[in-house]
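J.: for reference, the sequence and a predicted model appear below.
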Amino acid sequence: MLSGATIEVNNLTKRYGDVEALRGVSFAVNEGEVFGLLGPNGAGKTSTVEILEGLRTPDSGSVSVCGLDPQSSGAEFKYAIGAALQATALPDKMRVEEALDLFGSFYPRHRSTKDLLKRFGLEDKRSAFYAKLSGGQKQRLALAMALVNDPQVVFLDEPTAGLDPQVRHEVYGIIEELKKDKKTVLITTHYIEEAERICDRVAIVDHGKVIALGTPRELKQRSGAVTRISVRLAKPETNGALSSLEGVAECRTEADDYLLYSTRVPRTIVALVKHLEEQNNELVSLEISAPSLEDIFLELTGRRLRD
Amino acid sequence: MSHVLSHTWSLTVSRMRLAMRNRAFFFFSLIMPLAFLFGYAGLFRRFGGEAMLFVLPMVLALTVMGTFWGLSVQLVTFREQGILRRFRVTPVGASAMLGSSLISNYFLTLPTIVIEFYISRSLFHMAGLGNLLSVFILVTIGIVTFASLGLIVASVTNTMQETQIINQIIWFVFLFISGATIPFPMLPRMVQKVAVYLPATYLVSGLQRAMIERTNLSQLGAYLASLIGCALIAFIISAQLFRWEPEAKVPRQAKLWAVAAIIPFLLLGVWENFNGDLQKHAMNNLQTIREPYTLERIEH
């Protein structure tokens, strides 16, 4: 375990009746880092985050946030954290501005409602009732409420679930700003692209356990996942020749394309060009797709993330 | 401590706003008590302004008892909808949340009380204003007590449905055997013996004595002490049993704790059954209605 980490999670277990939600989860998040918990629904992401927020108590194991125990540190802990829960609910007839004023009033140091409304694009909706907001607006308000006390650590539980792509990108923008502000962010998601795009490090969680942990790049390099090279040729190739090229583990055809799965991309490409010259053939197009976290999840669990 | 007070106040202001945007709340806290006032006043009109001194306390008691429903029940809705858990990640504690229910109930009920007084005096020519200080203190403590009783029901029930059912039962008991709708002396003797164990009975009796006999606070000491004791126990137990999570269930034995809140009235009831003068006062006070009626009969 890293010493001096902002968030530390040690061997957490949690059981709900017969269901073992967490089976020894451990990880640490450094100051200023955007850390992602990636996994399918029911993997234990929300349980972990809610233990860190102080909403749930673990059966065993320990956690600390900014050196504080969420269960026993009281107000000092609450001042240090901000949270957007998986489902933030407010009374239907509470206005946007009132919600920010109310939640701000709970902290000795808080950001002005006016600034938050502006930053989260809610100025036009300041007097709107909560019930009248769209899903995206509700989520922006939830994020604004999470930041109302200018916290050191921000927990975002599935902040983009159910949002359309445009709003999702707005949320990414907000998280990138948090990163610039040197906030420590713990985000849970089941969207691969989200984890790849915004997280400095990712823990892949499945069945209540962390099954892989590292930067998205490290995870991809560490895995045995192969890179897909998709090529289109001027003249059709007899199969067999391409699959025997250096580094190629497998060759498939898909419509007019040949899909070469390579473990050593540069060598495969050199060999491919040489081979085509010899055959008097030409390359029409070439596309390289690096393995995604999805491929890694598939490799580790044998399942797709969204199964 | 100062944080608790400031959190309680922020929540109070916010919850008062929400209540005022709720039509049902308006109906039960303003329209219904006024409908009772006009109904009773119409019924007893021929007995003159003296009778209003008997009628108004019944309506005041109904209004005060209505806080039993008020914002305490709202907390159950907040819990069920997952609203409370969002507050849990802030520094707000259970006592601020519960305290805001009592204070907002108080501020929302007070205008109705003033309006009832005003109408009784100006429209129905109520004969005098009674002992206003005693009325004010009884109303204040009464609201806190009945709102606390609402809190304890909210804290020992798991769903809104369960809360509604238990509240209905308690509410009907309060309504019909406390003297708030049927004058105490007119209740059967057996029912009277049970009624002296109810907080509502002392609220009605206290208010009638303050209005008709102009009873001062020291003479109402036992009533006030029991109401305060009941409120304190109910509040402390509610804070202990407070749940933020929609799925958190209250342990079955904890439901028995709720009974502790009525201990002050069990003691007062026993004393009242042996040595009390509630019955005597109630009989005397009923004369404000009976006397002109008897005279009328004789004149005819």
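T.: Everything's here; your move. The shown structure was predicted, so the numbers you read here are calculated from the model rather than taken from an experiment. Numbers count the residues shown, from 1 in each chain, chains lettered A, B, ... in the order given.
J.: residue in the stretch 201-307 of chain A nearest to chain B?
T.: A:G208 (18.9 Å; C-beta to the nearest C-beta). Using the backbone N, CA and C atoms, a C-beta is placed for each residue, glycine as well.
J.: who's in contact with that residue?
T.: A:T13, A:K14, A:E20, A:A21, A:L22, A:R23, A:G24, A:V25, A:A43, A:G44, A:S47 (C-beta atoms under 8 Å, 6 or more residues apart in numbering or on different chains).
J.: state the number of residues packed around the closest residue to A:K125 other than its chain neighbours.
T.: Of all residues not flanking A:K125 in the chain, A:V96 sits nearest, at 5.1 Å (C-beta to C-beta, 6 or more residues apart in numbering or on different chains). Counted by other C-beta atoms under 10 Å in any protein chain shown, the residues lying close to A:V96 total 29.
J.: quick check: the gap between A:V96 and chain B.
T.: 13 Å (C-beta to the nearest C-beta, to the nearest Å).
J.: so that residue sits right up against A:L141, yeah?
T.: Yes. A:V96 lies in contact with A:L141 (C-beta atoms under 8 Å); the separation is 5.9 Å.
J.: overlap in contacts, those two.
T.: Joint contacts of A:V96 and A:L141 (C-beta under 8 Å, 6+ apart) are A:L122, A:Y130, A:L133.
J.: give me the phi and psi for the last one.
T.: Just to be clear, that refers to A:L133. A:L133 adopts backbone torsions of phi -80, psi 150, taken as degrees, to the nearest 10.
J.: in this structure it contacts A:L141, no?
T.: Yes. A:L133 is in contact with A:L141 according to C-beta under 8 Å; the separation is 6.7 Å.
J.: identify the contacts common to these two.
T.: A:V96.
J.: of the two, who's got more company?
T.: Ranked by neighbour count (other C-beta under 10 Å), A:L133 and A:L141 place A:L141 first, with 25 against 17.
J.: got the contact list for that one?
T.: Per C-beta under 8 Å, 6+ apart, neighbours of A:L141: A:T88, A:L90, A:V96, A:A99, A:L100, A:F120, A:L122, A:Y130, A:L133.
J.: what about 10 Å?
T.: Residues near A:L141 by C-beta atoms under 10 Å, 6 or more residues apart in numbering or on different chains: A:84, A:88, A:90, A:94, A:96, A:99-100, A:116-117, A:120, A:122, A:125, A:128, A:130, A:133.
J.: the helix or strand hosting it: which residues count as buried?
T.: For A:L141, the element it lies in under DSSP states H and E is helix A:135-146. Residues of helix A:135-146 classed as buried by neighbour count (16 or more other C-beta atoms under 10 Å in any protein chain shown): A:G136, A:Q137, A:K138, A:Q139, A:R140, A:L141, A:A142, A:L143, A:A144, A:M145, A:A146.
J.: any chance of those in CSV with pLDDT as columns?
T.: Converted to CSV, these look like this (pLDDT from 0 to 100):
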residue, pLDDT
A:G136, 87
A:Q137, 91
A:K138, 92
A:Q139, 90
A:R140, 91
A:L141, 94
A:A142, 94
A:L143, 93
A:A144, 94
A:M145, 96
A:A146, 95
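J.: closest to chain B among the residues you listed?
T.: A:M145 (7.7 Å).
J.: neighbours around B:R23, how many?
T.: 8.
J.: what does it show for phi and psi?
T.: phi -60, psi -40.
J.: over to A:I187?
T.: Dihedral pair for A:I187: phi -120, psi 140, per degrees, to the nearest 10.
J.: mind listing the helices for chain A?
T.: A:45-52, A:75-80, A:96-104, A:113-119, A:135-146, A:165-180, A:192-198, A:216-222, A:265-278, A:293-301 (DSSP state H).
J.: highest mean neighbour count out of those?
T.: With neighbours defined as mean count of other C-beta atoms under 10 Å in any protein chain shown, these peak in mean count at helix A:45-52, which reaches a mean of 24.
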